[in-house]
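>>> sequence and predicted structure are below.
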Amino acid sequence: MMRGFNGISASLLSLAIAQAAMAQGESNAEGESGIADIVVTATRQATNLQDTPIAITAVTADALEERGLQSVADLTSVVPNAQFRRTQGAYGPGVSAFIRGIGQGDTSLGADPAVAYYIDDVYYPILIGSNFDLLDIDHVEVLRGPQGTLFGRNTLAGAVNIVSKQPRFDEASAYLETTVGNYSRIDLRAGFNVPLGDNLALMVSGASQKRTGYMRRLDFVCEMNRRGTPNLIGNVPTFDPLKVNTPNTTVTDCTIGHLGGQDVRAVRGSVAWAPASNIRLTLTADYTQDKSENPADYTLDIDPAKVSAQNRLTFQYYGVEYDRRFLTGDPFATYETWNDPTKAGTVIPGSTYYNGRITRGGYRLNPYGDLVNWGVSGKLAVGLTDDIDLTAIVGYRVMDETHTYAQDGTPLITEHTLSHITEKYGTGEVRLSGKMDWIDWVVGAFYFEAKGRNHAITISPRNSVQRTQNTTYDPVSKAVFANATIRPFGDRLSLVGGLRYSDEKKVVKFSNLVDITPNSADIVFNVTPQDTRLSWKAGVNYELSDNMLFYASAATGYTLPGFNPRPLQPSQATQFAGNDDIAYELGSKIDLFDRRLRINTALFYTDFKTRPVSITGGEILLAPGGGPTAGNQVVIPSPGAPDGVTTCRNRTQAEIDAGVPGYTCVNRSFFVNTPAKVRGFEIEATAEPVDGLLINGAMGYNKFTSPDLVLASRRVNRRQNTPRWQANAGIQYEIQGAPLGGTITPRLDWTYQSSSTTGSLQTTRWNQGPYSLVNARVTYRLRDEGLQIAVGATNLFDKLYYHNFFVYQDNVGDAQVQGQPGAPRQWYVNVQKTF
């Protein structure tokens, strides 16, 4: 594969040299045809994308609109070697972010992400609440590889820099946009820009998104009657009494709700003031409320042999077994109710959970989230001289979020979680930068402080426990940094060097209490992960011509030391080292044929020196007195896992006959330091062979290797949720001469990812196979009238695929497998009017 990539690179280099010979002395005049420049701020200075020696994908607002992309989670379809997905299940409303096989899907405040988000230079520190609506943005920059010097903390894999449109002083403008589609979709967007004088302007925009989910929640009793299998109901109560058949009615639709829908409101306002030509102050405020339905979550399998003894007692109380009768057979339907039908105070014989306590049973959770995310920021830019600029940025944000999770897909309960997470933080940065003939430089300082709170209730009949967590997370980060690009021998050759000194800590006060007091299984501890780091970057760049850049670089990245954010009993309170990596990169950025063809490439190698890995397993549940809890499970070494990692399974009949003692088990995360290597490449290409025809494509490959992936006892030797191959392509053509003097632009987009593994170490049964998705859109535009009408479809060929799998059967010895299906085909009509 690498030899093939080297061959491609050699061919491109030969073509580049030939083009350079013809291009010497030429320049592109204003208005000349060709691929447009994109100005980015990835180096903390404004530079042309093609002159920036970083593997970066920059997508403009127009390009996002043409592709129908609306949020950060949609960026996967345009960025090679990147996975951005709305988080699923217990992780709440966020975005899991992976770049070049490195990332983080856990939205907990105790976990530091490997990809950092910046909105107009203001740092966003957590994954939860990070599915930002791309409202009134200018462009999005996705930087691949560690960005430890200029962006700092938690950029182990890369960074996402969202750059918004700015208020304009020269003219008033406004727009109105509406989108309708299936699943009762109604989206509204509107905004305006108003000059309030020669040097003062206001920009305001708002958005509303409303759509019913594509997964149906079914009443189990109703559905069994509808299918003609009432014998499978047992004594399971109906969720909705109106769904019960009577002699005079026949229920044909057992739907009681939906999953996977949207219900979002957002507003943003900016004021810009320029009292002098060299001074600009921008103040921004935004507010988002997201009450979207929980993500679609489908039960793919239930293995009755792995049902815990406590679970079996609960289901048998209702005259049923926890078995495959609770599989709907439809990936877009579930029997989950987020309801515990067992009345508070109920005694189930033999159950240590339903033991008559009035705090257990008889509740109903909401199957939707409630997130409020707002912030204010200010940015001051001052041109001190013609060559030196001062930039100061301050920001304050508040995130307040509640979400629920149910993991079994039945009208009864094995485990429910209710989480309420808040974080308030302030951040500040000051930069001094300069551009001269022989050097471009940036020096600066950064400060970040936050107060996070996590209040969660875990209700787990299968583990005979109910816990309440109240934990605080108070991180502080301070850093100074410097970066320089030096041109000692003229404009063609440049040397890059950067340093960043960081001092970070996170004060954590952890409390996780059982609802029986006193209880030795209560988990209370304080921990302060902290570190000081000197990050560095070094590189060399060479411009073969004005349109051809080649570069080589090495850079470091890191995350803070961590701790187990979800211990289920005192024995699980553990700390572990932070991540630490060095990434090496060779790249090129080439514009050919009078900028009709653009090809950007990168070849990378990442060396993980320190890499703590979380491996899910199990251990014996501690009783209130501190000893083991009796049951029907045994602890065994986890097959395929490193030494010391254990899991649980039910006792065999032979073990029972032999008197092998049985216990009740509880999940546990084991943290193992396992170095790793990542190798791969990316190619991005854009072509405009003739005016009006635009073709774009990208391909990425990464191979993640680590000793923990090649153990002889392990059947799965690839990293979870990281496909090795990704590709995307798009084509559009603007057809002139449409009715009323307009244009018609059809566009087709294709994305592909190769197979990816789940969290299971022992089976490939639940791996996601390779798949392609196709989106289509046709746009009719009347430019002079500012009117645009578009008709489109996503997942045009209705491909069934899954965002993620939770294989409880293998990972924690539970009975079920859960999968989160992606959306089926959806159509929409979009109308825009600008003024």
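Here it is on my side, so go on.

>>> for the rest of this, base every contact and every neighbour count on C-alpha atoms.
Noted.

>>> next SSE downstream of the helix or strand hosting residue 605?
Element membership for residue 605, per DSSP states H and E: strand 597-610. Sequence-wise, the next helix or strand beyond strand 597-610 is strand 612-620, with elements assigned using DSSP H and E.

>>> quickly run through the sheet partners of the strand holding residue 605, with directions.
Strand 597-610 has its sheet partners listed here by DSSP bridges as strand 580-592 (antiparallel), strand 676-687 (antiparallel).

>>> let me know the angle separating the first one from strand 612-620.
On the basis of axes from the mean of the first three to the mean of the last three CA atoms, to 10 degrees, strand 580-592 is oriented at 130 degrees to strand 612-620.

>>> quick one on the thing from earlier: nearest to residue 504, of the strands paired with strand 597-610?
Closest of these to residue 504 is strand 580-592, at 14.6 Å (criterion: CA to CA).

>>> what's the average pLDDT for that closest one?
Per-residue pLDDT over strand 580-592 has a mean of 94.

>>> just to revisit the earlier point, now the strand holding residue 605 - C-alpha only, CSV.
Only the C-alpha atoms of strand 597-610 are listed here, as CSV (Å, rounded to 0.1, in the frame of the first residue of the first chain):
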residue,chain,number,x,y,z
LEU,A,597,-6.9,21.0,-10.4
ARG,A,598,-5.9,20.9,-6.7
ILE,A,599,-4.3,17.9,-5.1
ASN,A,600,-3.2,17.8,-1.4
THR,A,601,-1.5,14.8,0.1
ALA,A,602,-0.2,13.7,3.5
LEU,A,603,1.7,10.6,4.6
PHE,A,604,1.9,10.2,8.4
TYR,A,605,3.3,8.0,11.1
THR,A,606,2.3,8.4,14.8
ASP,A,607,4.2,6.9,17.6
PHE,A,608,2.3,6.4,20.8
LYS,A,609,4.7,6.3,23.7
THR,A,610,2.1,6.3,26.4
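
>>> that older thread, mind putting the strands paired with strand 597-610 into a markdown table with mean neighbour count?
Shown next, in a markdown table, are the strands paired with strand 597-610 (neighbours: other CA atoms under 10 Å):
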| stretch | mean neighbour count |
| --- | --- |
| strand 580-592 | 22 |
| strand 676-687 | 21 |
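
>>> in CSV, list those strands along with distance to residue 542.
Below are these laid out as CSV (distance: least, CA to CA, whole Å):
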stretch, distance to residue 542
strand 580-592, 9
strand 676-687, 19
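
>>> of all those strands, which lies closest to residue 513?
Distance to residue 513, taken as CA to CA, is lowest for strand 580-592 among these, at 33.7 Å.

>>> please compute how far that closest one lies from its chain's middle.
Averaging C-alpha positions (CA atoms, centre = their mean, to the nearest Å) puts strand 580-592 24 Å from its chain's average.

>>> try stretch 684-699
28 Å.

>>> ends of that stretch, how far apart?
This stretch, stretch 684-699, spans 7 Å end to end (CA to CA, to the nearest Å).

>>> swap in stretch 294-314?
One end of stretch 294-314 sits 25 Å from the other (CA to CA).

>>> enumerate the positions of that stretch that are buried.
Within stretch 294-314, the residues that qualify as buried are 294-302, 306-314, counting by 16 or more other CA atoms under 10 Å.

>>> go through the residues you listed and flag which are in strands.
With strands taken from DSSP state E, the overlap with the buried residues of stretch 294-314 comprises 298, 299, 300, 301, 302.

>>> and which of the residues you listed is nearest to residue 691?
Once CA to CA is applied, the member of these that ends up nearest residue 691 is residue 298, at 46.9 Å.

>>> any chance you could map the strands in the stretch 51-200 of the chain?
Taking DSSP state E, counting those that start in this stretch as the criterion, the stretch 51-200 of the chain carries its strands at 56-60, 82-86, 95-99, 102-104, 115-119, 122-124, 137-144, 158-164, 173-181, 185-195, 200-211.

>>> out of those strands, which one sits most buried?
strand 95-99 (a mean of 27; mean count of other CA atoms under 10 Å).

>>> out of the strands paired with strand 597-610, which is closest to residue 71?
Using CA to CA, the strands paired with strand 597-610 put strand 676-687 closest to residue 71, at 21.4 Å.

>>> for the helix or strand that that closest one is followed by, buried residues please.
Using DSSP H and E, the helix or strand that directly follows strand 676-687 along the chain is strand 693-705. For strand 693-705, burial by neighbour count (16+ other CA under 10 Å) applies to 694, 695, 696, 697, 698, 699, 700, 701, 702, 703, 704, 705.

>>> all good on my end, thank you.
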